[in-house]
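Visitor: Need the 3D shape of this:
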Amino acid sequence: MKFTKNAIMAAGLLAAVAAAPASAATYEYVMTNGDVLTIDTDTSSASFKGSKIDATMTSAAFASFTGGATPTFSFVLDSLDGTRLINGVQTTDNPKNSTTTHPQKLIAYGPSANNKVNLWAWWGDPIIGGDYITYIKSYTAKVPEPGALGLMAFGLGGLAFARRRRKKLAA
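Guide: Okay, the predicted model is just below:
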């Protein structure tokens with residue numbers, strides 16, 4: 001079987017595109033209390049912003065998050081920083097027991113629990129508050145569009161295969 005220069009080039013581009021990692025995305029959840037939870041799969045980070053919370057967190061597991069309007073997940077956090085308003089006082093997180101009995105987590109319980117989201121952590125030193133619970137109201141995903149290289153590879157591949165088919169039919 002003889003391959004044309006275009007077919008070889010198209011096959012190479014298709015292989016390069018197939019080997020590339022999946023596109024990263026940012027998922028945004030607006031809560032019933034007005035808070036916004038944002039999960040960024042590219043940076044494996046998340047933020048929880050609102051009138052009673054201003055926290056950022058990281059988890060290697062965020063990289064594989066696929067989003068959805070009614071997610072169910074439990075991510076153990078690598079880090080949690082920021083503040084939460086408890087009894088009128090801005091309070092920082094307390095990592096007490098975070099490596100043993102009470103790891104800091106971001107948990108979503110899905111539709112069976114009315115889309116409840118729980119930032120599972122201790123707050124204050126000494127501890128004056130626990131979990132921060134709220135509910136998902138709406139959802140948006142910001143997924144990048146396919147790159148120009150991918151589109152070009154598919155176009156070149158299509159041209160190469162069409163040309164090969166025409167030559168085969170002519171023969």
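Visitor: Asn33 versus the residue nearest to Ile133 when sequence neighbours are not counted, what's the distance?
Guide: Distances taken as CB to CB, 6 or more residues apart in numbering place Asn118 nearest to Ile133, at 5.0 Å, with adjacent residues excluded. In this view, the C-beta of every residue, glycine as well, is placed from N, C-alpha and C. Separation of Asn118 from Asn33 (CB to CB, to the nearest Å): 14 Å.
Visitor: So which of the two has more stuff around it?
Guide: Each of Asn118 and Asn33 has its neighbours counted (other CB atoms under 10 Å); Asn118 has more, 17 against 13.
Visitor: Could you double-check that that one sits in contact with Tyr135?
Guide: No - the pair Asn118 and Tyr135 does not pass the contact test of CB atoms under 8 Å, sitting 10.2 Å apart.
Visitor: in the sheet, who's paired with the residue nearest to Ile133?
Guide: Asn118 has these beta-bridge partners by DSSP bridges: Ile107, Ile133.
Visitor: who's in contact with the residue nearest the centre of the chain?
Guide: Closest to where the C-alpha atoms of the chain average out (CA atoms, centre = their mean) is Thr41, at 3.4 Å. Neighbour list for Thr41: 24-27, 62-65 [criterion: CB atoms under 8 Å, 6 or more residues apart in numbering].
Visitor: Can you list the neighbours in contact with stretch 125-139?
Guide: By CB under 8 Å, 6+ apart, stretch 125-139 touches 27-33, 35, 48, 50, 52-53, 67-71, 84, 86-87, 89, 91-92, 94, 96, 108, 114-123.
Visitor: if I look at the residue nearest to Ile133, how far off is Asp42?
Guide: Asn118 is 24 Å from Asp42, by CB to CB.
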